[in-house]
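Undergrad: coordinates only, sequence not included:
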């Protein structure tokens, strides 16, 4: 049996050994830029690389690599992608890089946005595991917008309008209108070239309205849908002003009268 004094001395010695013995560097895991976690924005259709690195003194020990994924569409479900290697169900979507534990996403789509977790395990080390995280957002350039108009010959001093719409894009696209290849300002009074025009338009809806179409509004029009990823434009179209409605009614009356005379003379 050990005396209380011997037990106390052994305990103090153990504490001293814990503080002074060099156990080496523990296993650490980091993602891009040496961070523990990172939010990253990628463009749909690209092949982003999710870097995952680990460090430890035991470079020869076996390391087990895991990658899992939590979808933004199903945040309560966690899917295992890699267990030492890419699982068969995901070989067409993911590939392990030669750079340690890094993962490449193949032809990423918006459905693959979410949280990606890199895990490295080393059973013979303390601590025996580490993780790194990516929050992946997928952005999409606008699709080619479609422009619509009522007529290409607008009665002078009448109301008319054009619409522009892109059915895809993340973030949601905004719109800009151009006349003769020059972008129209939202506030037309700020530019001498547009001060006499009669339009108003919204970059959110893509609709441009003319309260009183005149020769100052004539020209070749096009619309651009844009977001921070890219931009696309619709096919351009030329719009001109015609006779106003009063003149057209007078012309119609004159034509009817002339036709009446011709019929009666013959």
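TA: Received, thanks. Here the structure is a predicted model, which means the values were calculated and not measured. Numbering: from 1, shown residues only.
Undergrad: ranges for the helices of the stretch 101-250 of the chain?
TA: 245-265 (DSSP state H, counting those that start in this stretch).
Undergrad: which parts of it are strands?
TA: 103-105, 114-121, 129-139, 146-149, 153-155, 158-165, 174-179, 182-183, 199-201, 208-213, 219-226, 231-233, 237-242 (DSSP state E, counting those that start in this stretch).
Undergrad: so which of the ones you listed is nearest residue 62?
TA: strand 114-121 (9.0 Å; C-beta to C-beta). Where you see a C-beta, it was placed from the backbone N, CA and C, and this is true even at glycine.
Undergrad: quickly run through the sheet partners of that closest one, with directions.
TA: Strand pairing for strand 114-121, determined by DSSP bridges: strand 64-71 (antiparallel), strand 129-139 (antiparallel).
Undergrad: can you name the residues in contact with the longest one?
TA: Pointing back at strand 129-139 there. 27-32, 35-44, 48, 50, 52, 54, 105, 108-110, 112-122, 170-171, 227-229 (C-beta atoms under 8 Å, 6 or more residues apart in numbering).
Undergrad: let me see the mean pLDDT of that strand.
TA: The pLDDT scores in strand 129-139 average 94.
Undergrad: check which residues of it are buried.
TA: Within strand 129-139, the residues scored as buried using 16 or more other C-beta atoms under 10 Å are 129, 130, 131, 132, 133, 134, 136, 138, 139.
Undergrad: what of the shortest one?
TA: For strand 64-71, the neighbour count (16+ other C-beta under 10 Å) marks 65, 66, 67, 68, 69, 70 as buried.
Undergrad: now swap in stretch 80-88 and tell me
TA: Result for stretch 80-88 [16+ other C-beta under 10 Å]: buried residues 81, 82, 86.
Undergrad: likewise stretch 163-181?
TA: For stretch 163-181, by 16+ other C-beta under 10 Å, it's 163-166, 168-170, 173-179.
Undergrad: which residues does it contact?
TA: So stretch 163-181 is in contact with 44, 110, 138-149, 162, 183-184, 199, 201-208, 219-229, 232-234, going by C-beta under 8 Å, 6+ apart.
Undergrad: and residue 157, which of the strands paired with strand 114-121 is closest to it?
TA: strand 129-139 (44.0 Å).
Undergrad: report the distance from the closest one to the chain centre.
TA: 17 Å (C-alpha atoms, centre = their mean, to the nearest Å).
Undergrad: what does stretch 84-104 give?
TA: That offset, for stretch 84-104, works out to 24 Å (C-alpha atoms, centre = their mean).
Undergrad: for that stretch, buried residues please.
TA: Counting neighbours by 16+ other C-beta under 10 Å, stretch 84-104 gives 86, 90, 93, 94, 95, 96, 100, 101, 102, 103, 104 as buried.
Undergrad: could you give the average pLDDT over that stretch?
TA: 90.
Undergrad: where does pLDDT dip in this structure?
TA: 1-25, 57-61, 99, 124-127, 244-266 (pLDDT under 70).
Undergrad: what residue lies at the spatial centre of the protein?
TA: residue 139 (1.9 Å; C-alpha atoms, centre = their mean).
Undergrad: dig out what it forms beta bridges with.
TA: residue 43.
Undergrad: that one and residue 38: what is the separation?
TA: 16 Å (C-beta to C-beta, to the nearest Å).
Undergrad: next, the distance between the ends of stretch 71-78.
TA: 8 Å (C-alpha to C-alpha, to the nearest Å).
Undergrad: so what touches it?
TA: Contacts of stretch 71-78 (C-beta under 8 Å, 6+ apart): 68, 69, 70, 79, 111, 112, 113, 114, 117.
Undergrad: kindly reformat those as a markdown table containing distance to residue 190.
TA: As requested, those are exported to a markdown table (distance: C-beta to C-beta, whole Å):
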| residue | distance to residue 190 |
| --- | --- |
| 68 | 53 |
| 69 | 49 |
| 70 | 48 |
| 79 | 52 |
| 111 | 43 |
| 112 | 43 |
| 113 | 39 |
| 114 | 44 |
| 117 | 51 |
